[in-house]
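>>> Build me a structure from this.
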Amino acid sequence: MSLNPAAAAFDAVAEKFDARFGEWRSVAAQRRAVRRALLRAFPPGARVLEMGGGTGEDAAWLASQGYRVLMTDVSPTMVRVAGEKLAGTGVRVRQAPAEDLGRLADEGTFDAAFTNFAGLNCVPDLSPVARGLARLVRPGGQAALVIFGPFPPGEVVVEALHGRFREGFRRLRRGDVPAKLGGREFVVRYHRPAEVDRVMAPWFRPVRRVGIGVFVPPSAAEPFISRFPRFVSALEALDRVVERPLALLGDHVLFQYERTDAGVEPA
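Reported below is the predicted structural model:
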């Protein structure tokens, strides 16, 4: 399977991904917020599909909480790294892009599905993702999609402090927006909340939105912000208070949906 530019960029950094991002306090704080939301959304012992699982950090944690997990990622190197990390945890790992979930038809149905840290912002059209999830998630099941927030003030502040004023407003752009990782160029899309709801209907109804990183800064503040652990902890505590009312101001937003009983036409 040939990789698109975004998948190729993540594939190139897979071996060093944990070393680069794993110690950053802002990333850890945002990950904890996502995990709290997943515990609220997913029933105990649920069978969970993870899309874009990267090196398997969240899959390993879910397994430790008693969930049965199938982790997928488009990057073959990410899948290999995750497979090595997850050996013995009970998590299964398969290579599959989020926009081609049809290849997982042999896996049966799931109680829940999720994707973390904006993997879907590398997918220009979410329609195939929604349709694929509708085929795999049972009626009454949950889907949690963590994508970039539409306009986080934290990013504006951080980019302004770096003198990158234009970058602070990049999420207001429509269409393809240039991005770079590990020296490789690709494009992202900043999906609008109303567009995400529209694409997920009629198979999924909105349940709630949770702001991830309303006060906790984006990774652009790293590694500087990690020098101040107490400050990051204070911002994380504030996020717990405002994560629902100020959800759309988050660096990321978790969109929680419930599968309806609407049918899916044959492919």
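>>> So which residue is smack in the middle of the protein?
The centre of the chain sits closest to N116, judged by CA atoms, centre = their mean, with a distance of 1.9 Å.
>>> V146 is in contact with that one, correct?
Yes: in this structure, N116 sits in contact with V146. The criterion is CB atoms under 8 Å, and the distance is 4.7 Å. Just so you know, the C-beta spots here come from the backbone N, C-alpha and C atoms, and that holds for glycine as well.
>>> Which helix runs longest in the protein?
The single longest helix within the chain, with elements called by DSSP state H, is helix 25-41.
>>> CA atoms of that one as PDB?
Written as PDB, here are the backbone C-alpha positions of helix 25-41 (Å, rounded to 0.1, in the frame of the first residue of the first chain):
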ATOM      1  CA  ARG A  25       4.100  17.700  30.000                       C
ATOM      2  CA  SER A  26       1.500  19.500  27.800                       C
ATOM      3  CA  VAL A  27       1.000  16.400  25.700                       C
ATOM      4  CA  ALA A  28       0.700  14.200  28.800                       C
ATOM      5  CA  ALA A  29      -1.900  16.600  30.300                       C
ATOM      6  CA  GLN A  30      -3.900  16.600  27.100                       C
ATOM      7  CA  ARG A  31      -3.700  12.800  26.900                       C
ATOM      8  CA  ARG A  32      -5.000  12.500  30.500                       C
ATOM      9  CA  ALA A  33      -8.000  14.700  29.600                       C
ATOM     10  CA  VAL A  34      -8.800  12.400  26.600                       C
ATOM     11  CA  ARG A  35      -8.500   9.300  28.700                       C
ATOM     12  CA  ARG A  36     -10.900  10.700  31.400                       C
ATOM     13  CA  ALA A  37     -13.400  11.400  28.600                       C
ATOM     14  CA  LEU A  38     -13.000   7.900  27.200                       C
ATOM     15  CA  LEU A  39     -13.700   6.300  30.600                       C
ATOM     16  CA  ARG A  40     -16.900   8.300  30.800                       C
ATOM     17  CA  ALA A  41     -17.900   7.400  27.300                       C
END
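>>> Backbone dihedrals for the residue nearest to the centre of the chain, please?
As for N116, its main-chain torsions (degrees, to the nearest 10) stand at phi -110, psi 160.
>>> so who does it touch?
If you count contacts by CB atoms under 8 Å, 6 or more residues apart in numbering, N116 has them with R31, V34, E50, G52, G53, D58, V146.
>>> Please apply the same query to A96.
Counted by CB under 8 Å, 6+ apart, A96 has contacts M51, T72, D73, V74, R103, L104.
>>> if I read this right, the last one contacts Q95, doesn't it?
Looking back up the chat, that one is L104. No: contact status for L104 versus Q95: not in contact, 10.6 Å apart, counting by CB under 8 Å.
>>> Find residues that contact each of the two.
By CB under 8 Å, 6+ apart, L104 and Q95 have these common neighbours: T72.
>>> Wait, a strand at T72?
Yes: applying DSSP: H, G, I helix; E, B strand; the rest coil, one finds T72 inside a strand.
>>> can you pull the pLDDT of the closest residue to it other than its chain neighbours?
In space, not counting the residues next to it along the chain, T72 is nearest to A96; the distance is 4.4 Å by CB to CB, 6 or more residues apart in numbering. A96 is assigned a pLDDT of 96 by the prediction.
>>> A96 and Y190: what is the separation?
Taking CB to CB, to the nearest Å as the criterion, A96 is separated from Y190 by 24 Å.
>>> Please apply the same query to A87.
Spatial separation of A87 from Y190 under the definition CB to CB is 36 Å.
>>> Those two: which is more packed in?
The residue with more neighbours, out of A87 and Y190 and counting by other CB atoms under 10 Å, is Y190; that gives 19 against 11.
>>> check contacts around that one.
Shown in contact with Y190 (CB under 8 Å, 6+ apart): N121, F148, P150, R170, R171, L172, R173, R174, V177.
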